[in-house]
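Peer 1: give the three-dimensional model of this entry:
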Amino acid sequence: MPNDIESLQKVLQNDPSNFQARRELSIMLVNEGFNVEAEANLEFLCKYFKEDAELLYNLGIVYEKLKKFEQARDVYQKAIALSPQEDFYYNLGEVYVDLENWTEAEACFKKVLEYDKKDGNSYFNLGLCYFNIDEKNKALDCFQKAVAINPRDVYAYFYLGYIYQNDGLSNFAIESYKKVLDISPDYSWAYFNLGSIAFKNGNDEEAIEYLKKTIQYNPVDIEAYKLLTKICLKNSQTEEVMELLHTALQKEENGDLYYCLARVYKFIGDLDAYYDNLKLALRNPYTLSYSKKGLKQEFKSVGEMIGRNEEIQPEKMVEEYHSENEQNEENYLSDDAEGGSLPEENQDDTFEEDEESEYDEYSEDSDEEDYNEYEDEEYDEENEYEEYDNSDESYESDEDEDDYEDDAEYSEEYEDEYDSEDDNDEK
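Peer 2: Take a look at the predicted model:
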């Protein structure tokens, strides 16, 4: 294929006006992933052939790949005005999804279904639109139609499970998540949600096994570590969770994980290690979702108990952290996309509610009275877990909205699968 590209480039060097060669070159460049070069060639052609709907459509595909969604929207609209086609509407709908314009996306996918009533991808995307405008019954209907047409639609099953889970239909949710795992056994979010359901239903051992599976397939899932720590402390199972936390922290420091480890050391009565890990949590504030004010008070109280009084300085400047974290996230998402278990870049669709801490007393908006626990000199296991039930937003309600990890990013999950099936790049 590179030889074909090179030969076409030589043809154009000798004859820049050879539009057929430039069109063929553009398609080859798109197929080989040379999107910037394809963009330049297609834009050149579109200046001369302004009424060519296929050229505009292919330029839209390139803009999508380059994340230039507004430009993709505009050329798809022009292509549809010239020649309304099913694929044109579908791709325009995908762009509206990327732009989170759910109403316009809905209209596009409905149009596709006028052409083909058995288009499972359009039912999935239509369900996604309804899901994001909080019309869950319509979303449920669309996801059910999607899996009826394509019984291996892992993302539709996942959304079905999520909706059932939030509606309190645990058995249906479990069935849907297990179908996800039948299709994609390394899908970490399904394990996480099954673990959350098991925990809510009082099946702690089952929850632990699902959460360990979550971490096996997604070692950077911080929420899984947090919930696992909570359950293991509740059941006095400290050794394994401590080992998992240490292993994770050897790979990358994280404020939340240091705090989880601090809780384990508090539980076993090692106050020096408890204090040291609180210090490390506070030194990593940009990966710390718990209230820094609460942790500082806790740190001070423990220090007074053991005769230590140290100042905390963040380990990294915020600019340094964000730069490093963006690179880590990019690498992580790319790795998981290859494994087929996570969205690629557009993690916005995967249930992007802001995740609150399972330990509600450390949320940023907590009142100071929530920190009374830190004044006690002895660990009170019963009170430790009662506070989750008595918080303004109980853990169970958090599970419904926050603990089930967002589709996130799904915008990428379905983007890769559905784009690859429906983008006719070679037109």
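Peer 1: could you report the neighbour count for residue 152?
Peer 2: 12 (other C-beta atoms under 10 Å). Heads up, the C-betas are built off the backbone N, CA and C, glycines and all.
Peer 1: residues touching the closest residue to it other than its chain neighbours, list them.
Peer 2: Leaving out its chain neighbours, the residue that sits closest to residue 152 by C-beta to C-beta, 6 or more residues apart in numbering is residue 183, at 5.3 Å. Counting by C-beta atoms under 8 Å, 6 or more residues apart in numbering, residue 183 touches 152, 154, 157.
Peer 1: okay, residue 183 and residue 154: tell me how far apart.
Peer 2: Residue 183 sits at a distance of 5 Å from residue 154 (criterion: C-beta to C-beta, to the nearest Å).
Peer 1: ditto for residue 147
Peer 2: Taking C-beta to C-beta, one finds residue 147 at 9 Å from residue 154.
Peer 1: follow-up on the earlier one: and which of the contacts of residue 183 is nearest to residue 261?
Peer 2: residue 154 (33.7 Å; C-beta to C-beta).
Peer 1: the closest one contacts residue 187, doesn't it?
Peer 2: Yes. The pair residue 154 and residue 187 passes the contact test of C-beta atoms under 8 Å, sitting 6.7 Å apart.
Peer 1: need the residues touching each of the two.
Peer 2: residue 180.
Peer 1: for the chain, which spans come out with low pLDDT?
Peer 2: Filtered on pLDDT under 70, the chain yields the residue ranges 1-3, 314-427.
Peer 1: could you rerun that using 90?
Peer 2: 1-33, 41, 48, 309-427 (pLDDT under 90).
Peer 1: ok, back up a step: look up how far residue 96 lies from the residue nearest to residue 152.
Peer 2: With C-beta to C-beta as the criterion, residue 183 and residue 96 are 27 Å apart.
Peer 1: same deal with residue 287?
Peer 2: From residue 287 to residue 96 the distance is 34 Å (C-beta to C-beta).
Peer 1: picking that back up, return the subset of the contacts of residue 183 lying in helices.
Peer 2: 154, 157 (DSSP state H).
Peer 1: helix, strand, or coil at the nearest residue to residue 136 once chain neighbours are set aside?
Peer 2: Once flanking residues are discounted, residue 136 sits nearest to residue 163: 5.6 Å by C-beta to C-beta, 6+ apart. Under DSSP: H, G, I helix; E, B strand; the rest coil, residue 163 falls in the helix class.
Peer 1: likewise for the one 5 residues further on?
Peer 2: The assignment at residue 168 comes out as coil when based on three-state DSSP.
Peer 1: got phi/psi on it?
Peer 2: Main-chain torsions, residue 168, degrees, to the nearest 10: phi 80, psi 10.
Peer 1: likewise residue 309?
Peer 2: phi -140, psi 100.
Peer 1: which parts of the protein are strands?
Peer 2: Counting by DSSP state E, the chain has no strands to list.
Peer 1: ok, how many other residues are close to residue 206?
Peer 2: Neighbour count of residue 206, defined by other C-beta under 10 Å: 15.
Peer 1: kindly provide the distance from it to residue 178.
Peer 2: The gap separating residue 206 from residue 178 is 13 Å, by C-beta to C-beta.
Peer 1: then residue 226?
Peer 2: For residue 226, the distance to residue 178 - C-beta to C-beta - is 24 Å.
Peer 1: which of those two has more neighbours?
Peer 2: The residue with more neighbours, out of residue 226 and residue 178, is residue 226; 22 against 14, by other C-beta under 10 Å.
Peer 1: hmm, residue 112 is touching residue 90, no?
Peer 2: Yes. Counting by C-beta under 8 Å, residue 90 is a contact partner of residue 112 at 4.9 Å.
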